[in-house]
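# Turn this into a structure:
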Amino acid sequence: MYQEPIFLKPVFQERIWGGGKLKSMFQYAIPSNQTGEAWVISAHPHGPSEIINGPLAGQTLADAWNNHRELFNKESNRSEAYPLLVKILDADDNLSVQVHPDDTYARKVEKQPYGKTECWYVLQADSGSELILGHHAKTKEELAKMMDEGKWDQLLQRIPVKAGDFVYVPSGTIHAIGKGIVILETQQSSDITYRVYDYDRTDSHGNTRELHLEKAKEVTNIPHQASVFDQKQSQIDDLQIKQLVKEHYFTVYHWRINGQVTKQLDADFLQCSVISGKAEIEINEQSFAIQKGDHFILPHGITTYRLAGDAELIVSHT
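Okay, the predicted model is just below:
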């Protein structure tokens, strides 16, 4: 059995709204100061993560999923795609206002395995930063009319955020990350985005980006309903655990270790992102150092592990 963490190398995506904070915050070697996303745990074909240690070093997470399904305690079903995707996003400017479809619509219309439900943990936010989350339309007709007439200030619902906030974004929710915010996003492994509004921005060639208003009207939840969930907290030895969300597609936690804990692997596999500090993981008397900016998977087959140090992690599983 595989008895070590699977460490992954981020895949960077340049975006019109990207910046340089992925370098200043995490010391990543980003391609430019317009780098918007680091896909840090990804088996998606648009940016699969490379494994950087162990027997599978040099292969991608997609390779591991396709050829070693036992690492994830899953059946070797080639038609099933790796379910989750973890990103860090640096919004140096406002992201476009967008919405994502659910699984049914994604499979029927886009011929893709997953729609996109996602959630955000805010790592950093400038003073006065805001997100767009939801809308004020009461009917499908009102939504379409306000979109067609460009009444964005009246339509869109804005909320202030700060570091440490958590936001759940089910499929069908109109949303946008605002300027000055860095988030860690856990989502279904999907890259389907319907752009609703893009502030009339143009690229270096003077072209505006494509909008997808008709599909957006079809998939948007009406009326918008704020999500309510129970964020349970617990402690095991020196590990504080806060369950951020438990939903059909994923369960996401915030872990704070200050000392040490011995813990069982109580999921098929765990996705782990270190967002501050340093620590070590010991598995079968072998120790692995981890620090801010590291991302890894604890695969199926590891029964217990010891975590020691002073660090924060965002942890997720299906």
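# Run through who's touching the one helix or strand residue 142 maps to.
Assignment of secondary structure by DSSP states H and E places residue 142 within helix 140-148. Residues outside helix 140-148 that contact it (Cβ atoms under 8 Å, 6 or more residues apart in numbering) are 135, 137, 154-155, 196, 213, 216-217, 220, 222. (Each C-beta comes from the backbone N, C-alpha and C, glycine too.)
# distance between stretch 51-60 and the chain's centre?
Averaging C-alpha coordinates over stretch 51-60 and over its chain gives two centres that are 22 Å apart (Cα atoms, centre = their mean, to the nearest Å).
# ok, now stretch 254-267?
Distance, stretch centre to chain centre, for stretch 254-267: 21 Å (Cα atoms, centre = their mean).
# In PDB, list the C-alpha atoms belonging to it.
Written as PDB, here are the backbone C-alpha positions of stretch 254-267 (Å, rounded to 0.1, in the frame of the first residue of the first chain):
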ATOM      1  CA  HIS A 254     -10.300  24.200   8.500                       C
ATOM      2  CA  TRP A 255      -7.600  22.500  10.600                       C
ATOM      3  CA  ARG A 256      -5.400  24.400  13.200                       C
ATOM      4  CA  ILE A 257      -2.600  22.300  14.600                       C
ATOM      5  CA  ASN A 258      -0.500  23.700  17.500                       C
ATOM      6  CA  GLY A 259       1.300  20.800  19.000                       C
ATOM      7  CA  GLN A 260       0.700  17.300  17.800                       C
ATOM      8  CA  VAL A 261      -2.100  14.800  17.100                       C
ATOM      9  CA  THR A 262      -2.300  11.200  16.000                       C
ATOM     10  CA  LYS A 263      -5.300  10.700  13.700                       C
ATOM     11  CA  GLN A 264      -6.900   8.000  11.600                       C
ATOM     12  CA  LEU A 265      -7.600   8.500   8.000                       C
ATOM     13  CA  ASP A 266     -11.400   8.400   8.100                       C
ATOM     14  CA  ALA A 267     -12.200   9.100   4.500                       C
END
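# circling back: for the helix holding residue 142, buried residues please.
Of the residues in helix 140-148, those buried by neighbour count under the rule 16 or more other Cβ atoms under 10 Å are 143-144, 146-147.
# same question, stretch 40-58
Using 16+ other Cβ under 10 Å as the burial criterion, the residues of stretch 40-58 that qualify are 40-44, 47-51, 56.
# what's the closest of the residues you listed to residue 3?
Top of the list for closeness to residue 3, among the buried residues of stretch 40-58 and by Cβ to Cβ, is residue 56 at 13.1 Å.
# All the strands of the stretch 1-150 of the chain, in order from the start?
In chain order, the stretch 1-150 of the chain shows strands spanning 6-9, 11-19, 35-41, 50-51, 84-91, 97-99, 118-125, 130-135, with DSSP state E, counting those that start in this stretch as the criterion.
# And residue 79, what's its pLDDT?
With respect to pLDDT, residue 79 scores 69.
# about what we covered before: relative to residue 74, which of the buried residues of stretch 40-58 is nearest.
Nearest to residue 74 among these, counting by Cβ to Cβ, is residue 43 at 12.1 Å.
# before we move on, the earlier item: need the contacts of helix 140-148 in JSON lines (columns: distance to residue 252).
Formatted as JSON lines, the entries for the contacts of helix 140-148 read as follows, by distance: Cβ to Cβ, whole Å:
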{"residue": "135", "distance to residue 252": "25"}
{"residue": "137", "distance to residue 252": "29"}
{"residue": "154", "distance to residue 252": "33"}
{"residue": "155", "distance to residue 252": "29"}
{"residue": "196", "distance to residue 252": "26"}
{"residue": "213", "distance to residue 252": "31"}
{"residue": "216", "distance to residue 252": "26"}
{"residue": "217", "distance to residue 252": "30"}
{"residue": "220", "distance to residue 252": "24"}
{"residue": "222", "distance to residue 252": "26"}
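# If any of those are buried, give me the ChimeraX selection for them.
Those of these that meet the burial criterion (16+ other Cβ under 10 Å) are gathered into one ChimeraX selection, given here:
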select :135,137,155,196,216,217,220,222
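# can you redo the contacts of helix 140-148 as CSV with distance to residue 290, pLDDT and secondary structure?
Conversion of those to CSV gives the following (distance: Cβ to Cβ, whole Å; pLDDT from 0 to 100; DSSP: H, G, I helix; E, B strand; the rest coil):
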residue, distance to residue 290, pLDDT, secondary structure
135, 40, 98, strand
137, 45, 98, coil
154, 47, 97, helix
155, 43, 98, helix
196, 39, 97, strand
213, 44, 96, helix
216, 40, 98, helix
217, 45, 98, helix
220, 40, 98, coil
222, 43, 97, coil
